[in-house]
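Q: The sequence and its predicted three-dimensional model are supplied below.
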Amino acid sequence: METALKNLSKQVLVGLVLAERDRAENQQQEIQRTKEEIQLSRQEIQRKERTIRQSEKTIQQSEKTIQQSEKTILQSAKTIRQMEQEAEYLRFQLDQLKRMHFGSKRERFEGDLNQTKIEFDEYATEAEKQDDIPVKQTITYQRTKSTNHTGRNRIGEHLPVIEHVIEPDQDITGMKRIGEERTEILEFVPEKFFKLVLVRPKYARVEQSENYPEKTQKNVVIGNLPSRAIEKCLAGDRLLAAILIHKYIDHLPLYRQQQIFKRAGIEIAPSTIDSWVAQLGDLLELLYEKLVTEIKAQRYLQVDETTIKVLDKDKKNKTHLGYFWVYHAPLSKLVAFDYQQGRGQDAPRGFLKGYQGTLQTDGYVVYQHYYANEKVMHLACWAHVRRKFEKALQSNRSVAEHALIEIQKLYAIEREAKELTAEQRKALRLEKALSIINDLGRWLYTQRQQVLPQSPIGQAIEYTIPLWESLQNYLKDGSLHIDNNLIENTIRPVALGRKNYLFAGSHQGAKRSAMFYSFFACCKVNNIHPQKWLEYVLAHIADYKVNQLHKLLPNNIDPAIIENHKHFWEL
């Protein structure tokens, strides 16, 4: 190698060196270009990474926007459903208000019975189909037509009779009376006031009696005044009884009765009449306590409540909404009204605390505190259930109508069992009603999943299902009732009274009203004449010992005693 280099000329060496340098420079330039390309690639990669990151951020924002939009759509759909439910409920309320003001208030349901018929022809055998073919049959009968027309209604024989003879205007001289025609007319004499004067002659002893010592003799003797309901009262017992009857049975407020007095020329201050009612309340309070004691001892009670407006001195320009709690013992024919200022859990405590037996109520949640134990069997009311579905007819007719038809079958069984004994009624219910109730229960649970909970039909189902066990309990005893209608009948006079006297004057006045409503409701369920009963009680209550007062209650008193009762001044 060295020999070869020595043999080369200097010029050639220089050329080689220059060529090598050029090659090195070219390589350096190539490396520089590569570095620049790499740098450009890095920049492009960084730019693409920034673009990708920006795209990812945009995608994330888009996803958030989509999620927010989905939430908005779901919220809008929920709002729409709520608005639809609210609109349906408002339409339902409007229909109920129209019905209340302009329509029929009856709850009688007459469904299309053909809708309850299920066709099974495709499953029936030829023999069964042949049995279903109607057979024409000719039926003949004879009817006896009555020839005696009864005419108009007869007037009761218990009424007093006034006969007025009308002689012919023609001359009847020389004529013989061969008969007469009698025309009966029912007439009316308005209630008349009269002044009853009790005259008690005084007798003075003129001569000394030899049979009695001088110290034991009374120089002046006079008859004793009979006991009266209110001593030294201007009104007699019959008038006092009439005032209460007119207010709590005939629904005449006291101020209207005062106007009746005025038309008869009798001026009595309203405060005086109010004081008479208050004193009668004090007189009958012990008798009311005896009634309450008997009610609490019953083993089957129906309970309901209704409102009463009451003036309250602590509330200016407005009335207090109080409640009459009503307790009805159907088997003993006892009714007690109890006034309470509220409708909360403590309101029925005085009657229901410690109660043992059967308690029949509606679905009001307060009652659960008193029947949620082993000593009380709760009995729900099928009439309230029926009412819920009846109101839902316009909301979902097909579902509501099916429920009403099934409930109608239960009431048809009750009509069939009306004249049976308790044991026979229980057997009939188990035979016919149990299967209907079981089928209806399964059907309701299925429908519960298919209707809106806030719709009228949904509310009817949600009201019924929690009470299902209580609705079946009437099957356990033939003496139990299918519904609470009897107690609602006893509440009806209160509803009529509210429209006339509008409110009670005080909480104490409301308590007195509850007491009077109790007595008159007992008279009604025991078929006792309330006016005659009250007159007898006012005349004799002072003669009864406290432990004998219960004998004066309408369910205990002998009706014959009341019918034959005469006041002391009528004897």
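A: In hand now; what should we look at?
Q: Quick one: the strands in this protein, in order.
A: For the chain, applying DSSP state E gives strands covering 202-204, 220-222, 300-311, 319-329, 334-340, 357-360, 376-379.
Q: Single out the most deeply packed of these.
A: Mean neighbour count, computed with mean count of other C-beta atoms under 10 Å, is highest for strand 334-340 among the strands of the chain, reaching a mean of 25. For every residue, glycine as well, the C-beta is placed using N, CA and C.
Q: any chance of the strands of the chain in TSV, plus distance to E191 and mean pLDDT?
A: Output for those, formatted as TSV (distance: least, C-beta to C-beta, whole Å; pLDDT from 0 to 100):
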stretch	distance to E191	mean pLDDT
strand 202-204	35	86
strand 220-222	33	85
strand 300-311	28	94
strand 319-329	29	94
strand 334-340	27	95
strand 357-360	40	94
strand 376-379	44	94
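Q: Compile these into TSV and extend it with columns for distance to H507.
A: Shown next, in TSV, are the strands of the chain (distance: least, C-beta to C-beta, whole Å):
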stretch	distance to H507
strand 202-204	47
strand 220-222	44
strand 300-311	6
strand 319-329	7
strand 334-340	7
strand 357-360	27
strand 376-379	30
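Q: For K476, find the nearest of those.
A: Closest approach to K476 among the strands of the chain is made by strand 376-379 (7.7 Å; C-beta to C-beta).
Q: Name the residues that touch that closest one?
A: 355-361, 367, 370-371, 470, 473-474, 476, 480-481 (C-beta atoms under 8 Å, 6 or more residues apart in numbering).
Q: Buried ones among these?
A: Buried by 16 or more other C-beta atoms under 10 Å: 355, 358-361, 367, 370-371, 470, 473-474, 480-481, out of the contacts of strand 376-379.
Q: Helix or strand, whichever it is, which one in this protein has the lowest mean pLDDT?
A: The weakest-scoring helix or strand in the chain, judged by mean pLDDT, DSSP states H and E, is helix 126-131 (a mean of 45).
Q: pLDDT below threshold where in this protein?
A: Of all residues in the chain, those with pLDDT under 70 make up the ranges 1-8, 96, 99-152, 207-218, 571.
Q: How many neighbouring residues does K333 have?
A: When neighbours are counted by other C-beta atoms under 10 Å, K333 registers 18.
Q: Hmm, L240 is touching R228, no?
A: No: with contact defined as C-beta atoms under 8 Å, L240 does not count as touching R228 (9.2 Å).
Q: Looking at those two, which one has more neighbours?
A: Neighbours were counted for L240 and for R228 using other C-beta under 10 Å; L240 has more, 23 against 16.
Q: distance of the more buried one from N484?
A: Using C-beta to C-beta, to the nearest Å, we find L240 at a distance of 34 Å from N484.
Q: re the thing from before, between the buried ones among the contacts of strand 376-379, which is closest to K333?
A: Nearest to K333 among the buried ones among the contacts of strand 376-379, with distances taken as C-beta to C-beta, is H481, at 13.1 Å.
Q: tell me the contacts of that closest one?
A: Counted by C-beta under 8 Å, 6+ apart, H481 has contacts 302, 330, 360, 379, 474.
Q: again, only using 7 Å
A: Contact analysis of H481 by C-beta atoms under 7 Å, 6 or more residues apart in numbering lists 330, 360, 474.
Q: mind putting those residues in CSV, distance to K315 included?
A: Converted to CSV, these look like this (distance: C-beta to C-beta, whole Å):
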residue, distance to K315
P330, 37
Q360, 34
Y474, 42
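Q: returning to what we had before: of the contacts of strand 376-379, just say which sits nearest to S398.
A: Ranked by distance to S398 (C-beta to C-beta), these are led by S470 at 26.7 Å.
Q: that older thread, mind checking the strands of the chain for the one nearest to A433?
A: Closest to A433 of these is strand 376-379 (C-beta to C-beta; 14.4 Å).
Q: who does the closest one pair up with?
A: Strand 376-379 pairs in its sheet with strand 357-360 (parallel), by DSSP bridges.
Q: First-to-last residue distance for stretch 440-454?
A: With C-alpha to C-alpha, to the nearest Å as the measure, the first residue of stretch 440-454 is 21 Å from its last.
Q: scratch that, stretch 168-178 is what I was asking about
A: End-to-end distance for stretch 168-178: 14 Å, by C-alpha to C-alpha.
Q: before we move on, back to that, between the buried ones among the contacts of strand 376-379, which is nearest V385?
A: S470 (10.5 Å).
Q: Does the closest one touch C381 like I think?
A: No: S470 lies out of contact with C381 (C-beta atoms under 7 Å); the separation is 8.9 Å.
Q: Count residues in the vicinity of N489, would you?
A: For N489, using other C-beta under 10 Å, the count is 14.
Q: Please tell me how far it sits from Q302.
A: Taking C-beta to C-beta, one finds N489 at 11 Å from Q302.
Q: For A242, which residues are in contact?
A: Contacts for A242 (C-beta under 7 Å, 6+ apart) come out as Q531.
Q: Could you measure from it over to I230?
A: Using C-beta to C-beta, we find A242 at a distance of 14 Å from I230.
Q: Then R442?
A: Using C-beta to C-beta, R442 is found at 63 Å from I230.
Q: Can you give me the neighbour number for the closest residue to R425 other than its chain neighbours?
A: Leaving aside its chain neighbours, R425 sits nearest to G478 (3.5 Å; criterion: C-beta to C-beta, 6 or more residues apart in numbering). A count of neighbours around G478, defined by other C-beta under 10 Å, yields 18.
Q: now swap in Q75 and tell me
A: The local packing of Q75 (other C-beta under 10 Å) involves 10 other residues.
Q: Start the count at 260 instead of 1 going forward.
A: Okay, using 260 as the starting number, the last item reads as Q334.
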